[in-house]
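>>> A predicted structure for the sequence below; I have some questions about it.
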Amino acid sequence: MVVFENKAIPKLLLVCLFVQFSVSAANFFQPFNVTYDHRALIIDGKRRMLISGGIHYPRATPQMWPDLIAKSKEGGADVIESYTFWNGHEPVRGQYNFEGRFDLVKFVKLVGDNGLYFLLRIGPYVCAEWNFGGFPVWLRDIPGIEFRTDNEPFKREMQRFVTKIVDLMLEEKLFSWQGGPIILLQIENEYGNMEGSYGQKGKEYVRWAANMALGLGAGVPWVMCKQTDAPGDIIDTCNNYYCDGYKPNSPNKPTIWTENWDGWYTSWGGRLPHRPVEDLAFAVARFFQRGGSLMNYYMYFGGTNFGRTSGGPFYITSYDYDAPIDEYGLRSEPKWGHLKDLHAAIKLCERALVAADSPQYMKLGPRQEAHVYWENTQSAVLNTTLSESQSACSAFLANIDEHNTATVIFRGKSYSLPPWSVSILPDCSNVAFNTAKVGAQTSVKLVENALSPKISAPELVMTKNEVSSISESWMSVEEPIGIWSESNFTVQGLLEHLKVTKDESDYLWHMTRIYVSDDDVAFWEENKVSPTLVIDSMRDVLRIFINGELIGSVSGHWVKVLQPVQFQQGYSDLMLLSQTVGLQNYGAFLEKDGAGFRGQIKLTGFKNGDIDLSKASWIYQVGLKGEFQKIFTIEENEKAGWTNLKLDATPSTFTWYKAYFDSPDGSEPIAIDLGSMGKGQAWVNGHHIGRYWNLTAPKDGCPDSCDYRGAYGSNKCMTNCGKPTQTWYHVPRSWLQASNNLLVIFEEIGGNPFEISVKSRVPRILCAQMSESYYPPLREWLHLDLIDGKVSISDMKPQIHLQCEDGHIISSIEFASYGTPHGSCQNFSNGNCHSPNSLSVVSEACVGRNSCSVEVSNAGFGSDPCRGVLKTLAVEARCVSTSTIGVSQF
Ligand code: GAL
């Protein structure tokens, strides 16, 4: 067992601290210590099995936080995890921001208020598909700095920020021993992947980072993820799609999974990743089966890369991640529901899991195995009150065969295990849960008939507001091409993009003047050639203008540019607009990566040879005029010379648009559909909702059906082929007022604002399907006396459970059949066997309610509609918002 030092508290302060401390302790927990042994974290003297949900606070609004935390708790999370975001918290060196979406203290307190623990991964390098991996861009300008290595300037800055965060948490009494929710901290992030690039200095940096962290007096354990050489007391943890079998580098450390990738991110023009929940549940169950103790979903809620926070290059604004809670804060089904049941099943085993120092292993077949956890000793750390005669037993039976169902014998009973699945037996006898049994949404038809009670919401409908377009009156103003202010400056030679922009804007104008002689023109005509602009390497987007006219665009990540150009005799202005689309967030030597151009820029094909532009005189201008005038804000937008846009106007490049719109009724999440636009950025009431880019995913590479079986990788089960990667952009409700919301768009390549529409995102249709042989509801287990076996779990009947989002109720049952129904959600039909009471029983139980349960049994439907046949209940229900009942469409 390891004990952690708390920061020494001066005696004089003790009295007043005690007063404040009692106040805060009342809000969260009684103060408790966190230590660990080889098996688990030890929380207040007890080993715990912990489920954690990743939520990055700035990827939602503070108004969304309470609901996200509540949904995580309801879904079975014990812990909420987040990184900290250095560039959000310290946008200018020494000027801190802990407000709004960056109000870390508020977020941690909300988690504590809900009785959940907190895992704070400070980093401060975080990767996370977040701009520059979380590093402030000003960090590059510190003389002599080299990131993430044994480099004094870097270590000084890193220590300053990490100390700032730890001190803030201490001040606010947010550590467990202060009565706060924080039980675990992380320093660095996956440095093990990079360490080799830094040689000996990398090794020294790891040791320094560990000692520095431990010296801050936080008083809770620290982890380093993907860091097999994590020193001393720092726990090395696993990040991956699967972490069963992971062994930390010391027999005294517990097995912790800091990132269970339950989906993945994507780029503009990319397909959408999807990780099937059967496989995800399998991975989690295998982890706990094989001795794991804390697992964190990366992400439980992914959210949105508002503003220019997206990493890159080219990561999209949505960070939905295919997480159990979707980008809009709605449950993503059946993922959320299936995992909720999984968590409940694991929790039923917790007593045995924490009691055993290690599981008993049993081979059940060539690719089948059991791990059994016995509570047969009274461990000192357990602090249990059980008598000797009471001993719990829990077991996990796994079939890791990717293709076939297996029938195994365990403790004299026979169990059928679907391929690539784990059955959880909280009492070592009855199955409470199987990871592969998820019902109608299951991507591979299982041999078994037992179907799960999961709600499936295959169609999260983006419903149109009354009017499809957001506004019929738009105004526009053109963005000047090239130099627009006196803040421009001239330099001989090429400057690195970020050195100039400091990332205050995506855009950097470069302008130079080219002289073309009569001889050049004659030479081109004679030889039927034209000159070419050659750039050795560039990222992310380049637009090339001659005398104000766009003649070409290139995008890519360090790609060569070969652009044919045409000049008239005389002087011409060559303008290069270089753009970033999210700064690099992964890789070694990030400080050297930069943006814009690398190598030489030249014009080839002139009569007297190439013109080397690398050494030419360039005028630089950072950003756009509209950006710097802040014409997207309510206060400043009138500064621009807006004119009315005609309906028949042709789409134009480099144009600002604005319109006003009313907020849709109700409380449902809102999205703006920018599918008619090209590329740019959008703001609502001055809030930057993000970059948009209408790029379409490749036509191929999405399977017709997704087979959950077998190891997952981010290319498996892709969706959205041939469709634009993102057209809906989340506008948080709290950014809207009832009417007159200002929408401002900056469009680079041309689009039609008249087709922009506002949509509310509503899960309207719920489906559930379950057979009478499914497992009894997990919550019933909790009431059982499992040890004495007084109540038989097998006497209990399965139930389907339907639940609309908060503020919604079930308005109607569109389909119900207890018997042998066919089809799947939105396509159900009656089979040969059908109870005539189906609709009335389900309607009676559900209509008018936010959630309902219906027993899947003959008794539940009055009688047996067909003897000797395994019956299934299939239901399709409709949800409506309580605030819209009685109006228009309902
Ligand atoms: C991990 C990294 C996370 C995130 C993830 C992919 O390697 O630690 O921050 O980038 O990959 O989503």
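Good, I have the coordinates. Numbers count the residues shown, from 1 in each chain.
>>> okay, CA-based contacts and neighbour counts for the rest of this
Noted.
>>> For residue 815, which three-state class applies?
Classification of residue 815 by DSSP: H, G, I helix; E, B strand; the rest coil places it in strand.
>>> And the spatially closest residue to it that is not a sequence neighbour, which helix or strand is it part of?
In space, residue 815 comes closest to residue 876 once its chain neighbours are excluded; the distance is 4.9 Å by Cα to Cα, 6 or more residues apart in numbering. When elements are defined using DSSP states H and E, residue 876 is found to belong to strand 872-881.
>>> Tell me what residue 603 is bridged to.
Partner residues in beta bridges with residue 603, using DSSP bridges, are residue 533, residue 611.
>>> For it, give its distance to the ligand.
In this structure, residue 603 lies at 39 Å from the ligand, with Cα to the nearest ligand atom, to the nearest Å as the measure.
>>> quick one, what contacts that residue?
531, 532, 533, 534, 610, 611, 612, 613 (Cα atoms under 8 Å, 6 or more residues apart in numbering).
>>> residues near the fifth one, how many?
In other words, residue 610. 15 (other Cα atoms under 10 Å).
>>> Wait, it touches residue 602, no?
Yes: with contact taken as Cα atoms under 8 Å, residue 610 and residue 602 are classed as touching, separated by 6.6 Å.
>>> What's the PyMOL syntax to select whichever of the contacts of residue 603 are buried?
PyMOL command restricting these to the buried ones, with burial defined by 16 or more other Cα atoms under 10 Å:
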select buried, resi 531+532+533+534+611+613
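>>> Please, which helix or strand holds the residue in the stretch 751-890 of the chain that the ligand sits nearest to?
For the stretch 751-890 of the chain, the nearest residue to the ligand under the criterion Cα to the nearest ligand atom is residue 761, separated by 24.9 Å. In this structure, residue 761 is located in strand 757-763 according to DSSP H and E.
>>> what is the mean pLDDT for that strand?
In this model, strand 757-763 carries a mean pLDDT of 83.
>>> Just the buried residues of it, please?
Within strand 757-763, the residues that qualify as buried by neighbour count (16+ other Cα under 10 Å) are 757, 758, 759, 760, 761, 762, 763.
>>> Please look at residue 182 and residue 115 and confirm they touch.
No: counting by Cα under 8 Å, residue 115 is not a contact partner of residue 182; they are 11.2 Å apart.
>>> nearest spatial neighbour of residue 470, skipping sequence neighbours?
residue 757 (4.4 Å).
>>> Check residue 559 too.
residue 537 (4.8 Å).
>>> rewinding a little: who's more crowded, residue 182 and residue 115?
When neighbours are counted by other Cα under 10 Å, residue 182 and residue 115 differ, and residue 182 comes out ahead with 30 against 17.
>>> Roughly how far does that one sit from the ligand?
The gap separating residue 182 from the ligand is 20 Å, by Cα to the nearest ligand atom.
>>> quick one on the thing from earlier: the inter-axis angle of the strand holding residue 761 versus strand 872-881?
In terms of direction (axes from the mean of the first three to the mean of the last three Cα atoms, to 10 degrees), strand 757-763 departs from strand 872-881 by 140 degrees.
>>> which helices and strands does the helix or strand that strand 757-763 is followed by pack with?
Downstream of strand 757-763, the first helix or strand assigned by DSSP H and E is strand 765-771. Secondary-structure packing of strand 765-771 (3 or more Cα pairs under 8 Å, 6 or more residues apart in numbering; DSSP states H and E): strand 799-803, strand 872-881.
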